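*Asks:* from the sequence below, what's the structure:
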Amino acid sequence: APGTATASLLAFVFSWNNFMFALIFADEDTMTVPVTLFNFISYASTDWGGLMAAATLMTIPVVVAAVIGQKHLVAGLTAGATKG
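*Replies:* Numbering: from 1, shown residues only. Prediction:
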């Protein structure tokens, strides 16, 4: 169970942060959150307030998942460690 929880959490984080694949293949109707954050940056200016607020909201699900699964995450990461 700890290994499955660790693999699930890491897969969630990696898929949540997927940027290049979504930037290339997504259109306006299917944009992911990282691509939406990229739209705050333009050639002449950057909306830093909106970008930072959206980035903070983007990290909340990952932080909540990590806090909830922290016990299983630590157990899964140390399950293969040997002593001696």
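*Asks:* mind saving the C-alpha coords of whichever helix or strand Ser15 is part of as CSV?
*Replies:* Taking DSSP states H and E as the criterion, Ser15 maps to helix 2-16. Extracted in CSV, the C-alpha atoms of helix 2-16 (Å, rounded to 0.1, in the frame of the first residue of the first chain):
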residue,chain,number,x,y,z
PRO,A,2,2.8,2.6,0.7
GLY,A,3,4.4,1.9,-2.6
THR,A,4,1.1,2.3,-4.5
ALA,A,5,0.4,5.6,-2.6
THR,A,6,3.9,6.9,-3.4
ALA,A,7,3.5,6.0,-7.1
SER,A,8,0.1,7.5,-7.3
LEU,A,9,1.2,10.8,-5.7
LEU,A,10,4.2,11.1,-7.9
ALA,A,11,2.1,10.3,-11.0
PHE,A,12,-0.4,12.9,-10.0
VAL,A,13,2.3,15.6,-9.5
PHE,A,14,4.0,14.8,-12.8
SER,A,15,0.8,14.8,-14.8
TRP,A,16,-0.4,18.0,-13.0
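*Asks:* for it, give the mean pLDDT please.
*Replies:* Averaged across helix 2-16, the pLDDT comes to 79.
*Asks:* any idea which helix or strand comes after it?
*Replies:* Next along from helix 2-16, by DSSP H and E: helix 20-25.
*Asks:* list the buried ones in that next one?
*Replies:* Buried residues in helix 20-25, counting neighbours by 16 or more other Cβ atoms under 10 Å, are found at Ala22. In this view, the C-beta of every residue, glycine as well, is placed from N, C-alpha and C.
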